[in-house]
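> how would this look folded up:
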Amino acid sequence: MKQLKLVLTLILGLALSMSSWAQTIEERLDAIEEALASESGGGGHAGHGHGSGGKTSIGGYGELHYNAGDDGGTQDRVDIHRFVLFFGHEYNDDVKFFSEFEIEHSLACADEDDCPGEVEMEQMYVDVNYGNGLHTQYGVFLIPVGILNETHEPDTFYGVERNRVEARIIPTTWWEAGVKWTKDQGNGLTLDAAIHSGMEIPTTGVVRSGRQKVAQAETNNFAYTARVKKSRPGLEMAFTYHNQTDAYQSRQDSELGATLMSAHVDWTRGPWTVQALIAEWSLDNATLEAAGRGSTEGHYLTVAYKLNDQWGIFARYETLDEQAGNSNATAEFTNTFGFNYYIHPQVVLKADFQSERPDSGNDDDIMHLGFGYSF
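Coordinates of the predicted model:
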């Protein structure tokens, strides 16, 4: 907890002067629509529109990874990690459709032992602009939490793999079905609130395994998420609160209350980028608490420097503990450094070296190589 408090202090300190240039999927699709509209002379349909006055757009991204470890803990593998397509349609200025279709690990089939991949619908919603800065999303959307969960195209972050704290603690990528309201209060202040499907966390207390991915998801118990975000050019600060009264979905003899709190700062000034994030789950269940899994927490700090338009270097420090309620030493510490080389602003080659030092278990040094793109 001392480390978490130090990082939280760092976040609050940075918040006074720092932020993010992250681009949302909606903004990316809007940009595609504008480009298509200009190419077609600004009239009629952009792309293959259907219906009077409609415009349809397409975007996407992909990642190819090579990972190699030095002690057998990480197998040497090459993997088409993700192939993603975005489809959007603008019915009019106030009603728009967005979707994200993804194939992971190249190949998916019924037997996971034969096919390691998955086919997923990570987004499928209609956004309605009700005026006065109020937007409502109906359908399947990304939960408003963290830095990467809503914006994770490979050209928007440093490192081949996504950071471990957001992947395992938050857990990115995390989507649910329901209704989300977004209110632009002006002066860079945005409020989000959502009622949506919840997790079904296993009795082991591993949060990431609780994502149901809106695939015949149990809905005996819904969840609630709220976020406050403050932005200005070069700076983003946000705090997210998430709660579910029974993340066992009434399928166990006892209930599992689950609460997530997360805060982050994302700052860019000139060639420098600094990101800091802290996240903690409180799992209210006597059995999990006795096993030390009543608290799951993590934090990280990333510092990056853009040498020029093509080269950027970075270093990241991460700590996570999925048994933070245990008196035993169960934390994992990870140091990563590497570079991004941009062939084009949206086409990137990546390399990094990662040192994993858990309190218990074997150390591991891993090399990652990657290629990514978005459009």
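> Chain neighbours aside, what residue packs nearest to the residue nearest to the spatial centre of the chain?
Nearest to the geometric centre of the chain sits residue 149, at 1.7 Å (C-alpha atoms, centre = their mean). Leaving aside its chain neighbours, residue 149 sits nearest to residue 172 (4.6 Å; criterion: C-beta to C-beta, 6 or more residues apart in numbering). Every C-beta, even on glycine, is put in place using the N, C-alpha and C of the backbone.
> What segments of this protein are helices?
Secondary structure of the chain (DSSP state H): helices at 2-15, 25-39, 164-168, 286-290.
> doesn't residue 212 make contact with residue 197?
Yes: between residue 197 and residue 212 there is a contact at 6.8 Å, judged by C-beta atoms under 8 Å.
> What residues does the closest residue to residue 94 other than its chain neighbours make contact with?
Nearest residue to residue 94, sequence neighbours excluded (C-beta to C-beta, 6+ apart): residue 129, at 4.2 Å. By C-beta atoms under 8 Å, 6 or more residues apart in numbering, the contact set of residue 129 is 93-95, 135.
> Mind checking which of the residues you listed land in strands?
Among the contacts of residue 129, the ones falling in strands (DSSP state E) are 95, 135.
> and the contacts of residue 129 as JSON lines, adding neighbour count and pLDDT?
Below are these laid out as JSON lines (neighbours: other C-beta atoms under 10 Å; pLDDT from 0 to 100):
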{"residue": "93", "neighbour count": "8", "pLDDT": "96"}
{"residue": "94", "neighbour count": "12", "pLDDT": "98"}
{"residue": "95", "neighbour count": "13", "pLDDT": "98"}
{"residue": "135", "neighbour count": "19", "pLDDT": "98"}
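> Confirm for me that residue 178 is in contact with residue 193.
No: with contact defined as C-beta under 8 Å, residue 178 and residue 193 do not form a contacting pair (10.7 Å).
> Have a look at those two and say which one is more surrounded.
Neighbours were counted for residue 178 and for residue 193 using other C-beta atoms under 10 Å; residue 178 has more, 22 against 14.
> what bridges to the nearest residue to residue 275 once chain neighbours are set aside?
Excluding the flanking residues, the one nearest residue 275 by C-beta to C-beta, 6+ apart is residue 302, at 4.4 Å. Beta-bridge partners for residue 302, by DSSP bridges, are residue 275, residue 316.
> Any idea what the closest residue in space to residue 358 that isn't next to it in sequence is bridged to?
Nearest residue to residue 358 in three dimensions, chain neighbours excluded: residue 332, at 4.5 Å (C-beta to C-beta, 6+ apart). As for beta bridges, residue 332 partners with residue 320, residue 358 under DSSP bridges.
> do residue 77 as well
Listed by DSSP bridges, the beta-bridge partners for residue 77 are residue 67.
> Surely it touches residue 67?
Yes: using C-beta under 8 Å, residue 77 is in contact with residue 67, at 5.6 Å.
> Identify the residues contacting residue 320.
164-165, 168-169, 297-299, 331-332, 334.
> what's the answer for residue 327, then?
residue 292.
> Residue 82 too?
Contacts for residue 82 were tallied using C-beta under 8 Å, 6+ apart; they are 61-63, 102-104.
> From residue 234, how far off is it?
28 Å (C-beta to C-beta, to the nearest Å).
> what about the residue nearest to residue 78 when sequence neighbours are not counted, distance to residue 369?
Distances taken as C-beta to C-beta, 6+ apart place residue 66 nearest to residue 78, at 4.7 Å, with adjacent residues excluded. Using C-beta to C-beta, residue 66 is found at 4 Å from residue 369.
> Check residue 272 too.
Using C-beta to C-beta, residue 272 is found at 25 Å from residue 369.
> More neighbours: the two, which one.
Neighbour comparison, residue 272 and residue 369: the larger count goes to residue 369, with 16 against 13 (by other C-beta under 10 Å).
> Pretty sure the more buried one sits against residue 76.
No: if you go by C-beta under 8 Å, residue 369 and residue 76 don't touch, sitting 11.1 Å apart.
> Closest one to residue 201 out of the contacts of residue 82, please.
The closest of the contacts of residue 82 to residue 201 turns out to be residue 104 (C-beta to C-beta; 21.4 Å).
> what number of residues lie near the closest one?
When counting by other C-beta under 10 Å, one arrives at 19 neighbours for residue 104.
> Tell me what it is bridged to.
The partner list for residue 104 in beta bridges (DSSP bridges) reads residue 82, residue 118.
> who are the neighbours in contact with it?
Contact partners of residue 104, counting by C-beta under 8 Å, 6+ apart, are 81-82, 117-120.
> measure residue 86 to residue 175 for me?
Distance, residue 86 to residue 175, by C-beta to C-beta: 14 Å.
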